[in-house]
Each structure stands twice: as structure tokens, then as C-alpha cells.
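Asker: How does the following fold in three dimensions:
(one chain, ligands or ions: 1)
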Amino acid sequence: MITAEQTSTFPRFLDLAYPNVERGEGLWVYTADGKKILDACSGGAMVANLGHGAQEVIQAGARQAEKIAYFYMDHFTNEPMEQLADRLITTTAPEMARVRFASSGSEANEAALRLARSYHVDRGEGERWRVISPAQAYHGSTMATLALTGRTRTLQHPYEPYLSPHLHISMDGSGEGALRELDARLEEAGPQTVAAFFCEPISGAARPAFSPSEKFWRGLDERRAKHGFLICFDEVVTGMGRTGTWFAYQQLPIEPDIVTVGKGLGAGYAPISALLCKQHVYDAIDRGSRFFDLGHTWDGAPISCATGLAVLDALVESRLVERVRERGPRLLADLESALRGNPLVAEVRGRGFLLGISLVGMPDELRFDERVEDSAIEHGLLITTTHSTPDGYAGDEVVFAPALTSTDDELELMVARLAATMKDLS
Ligand SMILES: Cc1ncc(COP(=O)(O)O)c(C=O)c1O
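Answerer: All right, here's what the predicted structure looks like:
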């Protein structure tokens, strides 16, 4: 365990001691002090979707590095970037037309915001800039993306002076309340000032596996048609197969104008993310300013894109998206039955290999989320939790998001260890 006093790094939480991870193999991670832990959260952040040590991906990155690892996309395009953009569209999202790469989820979402704004400006509607998003959401840590959450006290403080005053709604299961709130926000802002509605189609860590009813999505679609804002879906967590389709929106009766993907695109072997947009969004820029500038040094780097391409190949060749779609319902049923009767559990939800457990309300100062994580580690299991927000949007949640390569035995062991963890705490 390494404490703040024992490190030259600037830790996230200065009061915590961090175990030191040494290596990983498939679904197992090994710490420097000899612990062997089953990874039920894909590297802790729903990233390592192919498990640890995926040789075909590592070799693809190494082969590309031998040729050329890095070049700035301002000067040259490169074959891996061209191929990955093509394959993302043809294999994962044929309804999309263009791809722009970045390195992190925050960057991809920030680029989506810039694109939504440019779309309207290039069409002569420069008044549109506001974004409406669910209050419980998390879309990134840059100042533009941090403004998209409504968790003011827990996430935005003390950065408020840097954040744009966007608008938020709360989400209910039926979607009726959410639509009422959406109408109220549109009315308050003036719909002609709204550039985009930004959300996760199926929520990742913020409220794992939650998605409102079809009624909400159809209502949102109607309002887009009526008021002319764009819909941006953040699929940083859910993109690349986690919920049983390449993109989660492919299970819903709505398509976004812009969608972002992050974590699972590089699967932990390269920091790569992307935005994909529909033809009409591209056309607005094509007929307008003819540039969609600004970006980051590593956007579309050959080594990152070659790695992303190898991840995509691995998902296709091993039919992992199909496997998640077929195996997900049984995983949810097993988790529900293992946790049934546990007084700490309020709700179990799941889509594919993205599962969430809402815990019953606990006093904030108990930090029950941390107790669940620590106890899971004692049971040799790595899960992620999110803490309840005093803003009142959600309680403590457990995120269970195994690698798409998990075997049946590994999934069963994860469920058993989680049930044992929760039983110990109850
Ligand atoms: C839904 C969602 N969007 C965006 C992000 C930000 O991604 P990154 O941390 O790669 O910037 C995250 C990170 O957890 C996320 O869960």
C-alpha cells in the first residue's frame, strides 16, 4: 500500500493508501504485495474489455510502432487511422458518416460539443449554444464537459466559475417526468438557443445500466424534429459492444446525430476515443465554414489507431458482441438471484455485461461505497462503486462490468464473490 507520504505522485485522494498493481493476465490482476484479484470491472474503469495481456492487440501496436508510431494528423493522414474510421462505420455504425479521433472520453465529448455548436453556426443559427443533459450524468473532467453534469456540489465545486450554465433534467424510469422537465427547460431557455441534448443512451457509471422507457426516446426524437437541436450520445462506456450491440443506441428507437466512444475502443492498450457523426452534420460543415478545427496532439496517431483496429478485429473474430448479447440476460438473472433478500440491495439492473446494483439509502458520512469496494478486495474481487450524491440524484451504486472475454466460470465466480461481499456487509 502506498500512502500520500510515500509517493512523488499527486494522488487523487490524499487520505487513501493505494495498492500497487504489478501485472494482469486475462481477468486476473496481481498486486506487488502478492494479492490475486478477479477483475469484475475491466481494469476498474470499464476499459480493459479484452482482459489483460491480449497478445494480438499488443503485437499490432508493436508492429505499427516499428513502422511509425506517431505523426501529427495536421501534416499527414495515416493508414491505421483511415482503416479504423472505415471499419467503425462499416462494422459498428453504418448509420454514421464520419469519424474524428481523440484520446480520452472527455476529449471526444468536448469535440462533440464543438461540432454541435459549429453545425448550428455554419447553418446560420449562431444563437444556439445551450446544452440540456440529465443531472446525474458524468461526461468528463474538462471544463466544457464538467458543465454537462448537474451534480454541482459533488463534481463541479469549486470549478463553477469556469463552467457554462447549461440546463439539466432528472431522469425517471417511465420518462414522463423527464419529458416534462425537458419541455420546461426548452421553454425557459427558448428552444432557439438550444444546440444539443447530451446523454448516455444506457447509463454507465453514473447510474449503471439505467435507461428510461421507449416513451422518453420517442418523445426526445419528436422534440428534436420540432425544435432543431442535435442529439449527442455519450457512449464512452457503452460503445464497442458492452451492452450487447456495438452501440447501446442500437437497442433504442432513436439514433443520435453525434455519438462518442472511448474506453473500449483502445481496451486499455492505447488511449483512443472518437466521435462519429451523421452525414447531415458533416454536410453543414461541408457547405459552411469547411473546417472543424482544434484538436489534440495525439488525435488519430498511427499507434493508437492500429491498436484500436486490432481491438475491433478481436471483437469481431471472437464474436464477443454476440456473446455479450446472448450471455448478458443469464448474468443478470444470476446476479439477481445471488443478491435476492440482501437488505442492502435496492435494485439490480443489467444490459449485456454492464450491470448495476443500487444500494439502499445510507447516511452520506458512512461512505458505504468505499466499504463495499474494500470488502470486495478482501474477497479477491475488483468492482467499482459510485458514491451517493448529496445533490440527490442517485444513491450508492455498485458497477459490475466484466471484460467481454470473461468465461462462464469467471462470471460465476464474480457473482459468488460479490454475493459473499454483500452478505458480509449486511
Ligand atoms: C460516460 C462517460 N463519459 C465520459 C467519460 C470521460 O472519459 P475520460 O475519463 O476518458 O476522459 C467517462 C469516464 O468515466 C464516462 O464514464
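
Asker: which ones are touching the residue in the chain that the ligand sits nearest to?
Answerer: Residue of the chain nearest the ligand, by CB to the nearest ligand atom: Gly105 (2.3 Å). Every residue, glycine included, has its C-beta placed from N, CA and C. Shown in contact with Gly105 (CB atoms under 8 Å, 6 or more residues apart in numbering): 139-140, 234, 236-237, 260, 262-263, 273.

Asker: same deal with Pro402?
Answerer: Contacts of Pro402 by CB under 8 Å, 6+ apart are 27, 39-42, 353, 410-411, 414.

Asker: Residue numbers of the stretch 1-150 of the chain in contact with the ligand?
Answerer: Residues of the stretch 1-150 of the chain lying close to the ligand (CB under 6 Å from any ligand atom) are 45, 104-106, 109, 138-140.

Asker: what about the strands in the stretch 201-350 of the chain?
Answerer: Here the stretch 201-350 of the chain has its strands, by DSSP state E, counting those that start in this stretch, at 230-235, 258-261, 273-277, 345-351.

Asker: Let me have those strands in CSV, extended by distance to the ligand, mean pLDDT and mean neighbour count.
Answerer: Shown next, in CSV, are the strands of the stretch 201-350 of the chain (distance: least, CB to the nearest ligand atom, whole Å; pLDDT from 0 to 100; neighbours: other CB atoms under 10 Å):
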stretch, distance to the ligand, mean pLDDT, mean neighbour count
strand 230-235, 5, 98, 27
strand 258-261, 8, 99, 29
strand 273-277, 6, 98, 27
strand 345-351, 14, 96, 20
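
Asker: low pLDDT regions in the chain?
Answerer: 388, 390-394 (pLDDT under 70).

Asker: For Leu84, see how far away the residue sitting nearest the centre point of it is.
Answerer: With distances taken as CA atoms, centre = their mean, Val237 lies nearest the centre of the chain, 2.3 Å away. Going from Val237 to Leu84 by CB to CB, to the nearest Å gives 20 Å.

Asker: tell me which residues of the top helix by length along the chain are tucked away?
Answerer: Ranked by residue count and defined by DSSP state H, the top helix of the chain is helix 320-339. Buried positions in helix 320-339, judged by neighbour count with 16 or more other CB atoms under 10 Å: 320-321, 323-325, 327-328, 331-332, 334-336, 338-339.

Asker: again with stretch 125-133
Answerer: So, applying 16+ other CB under 10 Å, buried residues of stretch 125-133: 125, 128-133.

Asker: ditto for stretch 2-19
Answerer: Tyr18.

Asker: got the contact list for that stretch?
Answerer: So stretch 2-19 is contacted by 1, 20, 31-33, 35, 377 (CB under 8 Å, 6+ apart).

Asker: ok, back up a step: any chance of the contacts of Pro402 in CSV, plus secondary structure, distance to Gly395 and neighbour count?
Answerer: Below are the contacts of Pro402 laid out as CSV (DSSP: H, G, I helix; E, B strand; the rest coil; distance: CB to CB, whole Å; neighbours: other CB atoms under 10 Å):
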residue, secondary structure, distance to Gly395, neighbour count
Leu27, coil, 28, 24
Asp39, strand, 25, 25
Ala40, coil, 20, 28
Cys41, coil, 19, 24
Ser42, helix, 23, 31
Phe353, coil, 23, 30
Glu410, helix, 28, 19
Leu411, helix, 26, 20
Met414, helix, 22, 27
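
Asker: would TSV of these with distance to Glu222 be doable?
Answerer: Supplementary listing: the contacts of Pro402 in TSV, determined by distance: CB to CB, whole Å:
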residue	distance to Glu222
Leu27	43
Asp39	42
Ala40	39
Cys41	37
Ser42	36
Phe353	32
Glu410	43
Leu411	39
Met414	41
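
Asker: so who does Pro256 touch?
Answerer: 201, 230-233, 249, 278 are the contacts of Pro256 under CB under 8 Å, 6+ apart.

Asker: try 7 Å this time
Answerer: Residues near Pro256 by CB atoms under 7 Å, 6 or more residues apart in numbering: 231-233, 249.

Asker: Counting neighbours, what do you get for Ala416?
Answerer: 14 (other CB atoms under 10 Å).

Asker: Likewise for Tyr249?
Answerer: Residues near Tyr249, counting by other CB under 10 Å: 25.

Asker: and the gap between it and Ile202?
Answerer: 8 Å.

Asker: Please enumerate the shared neighbours of those two.
Answerer: By CB under 7 Å, 6+ apart, no residue touches both Tyr249 and Ile202.

Asker: that older thread, just the buried ones from the residues of the stretch 1-150 of the chain next to the ligand, in PyMOL syntax?
Answerer: A single PyMOL command selects the buried members of these (16+ other CB under 10 Å):
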select buried, resi 45+104+105+106+109+138+139+140
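
Asker: Format the residues of the stretch 1-150 of the chain next to the ligand as a markdown table; extra columns: secondary structure and distance to Gly175.
Answerer: Below are those laid out as a markdown table (DSSP: H, G, I helix; E, B strand; the rest coil; distance: CB to CB, whole Å):
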| residue | secondary structure | distance to Gly175 |
| --- | --- | --- |
| Ala45 | helix | 28 |
| Ser104 | coil | 30 |
| Gly105 | helix | 25 |
| Ser106 | helix | 27 |
| Asn109 | helix | 23 |
| Tyr138 | coil | 20 |
| His139 | coil | 20 |
| Gly140 | coil | 25 |
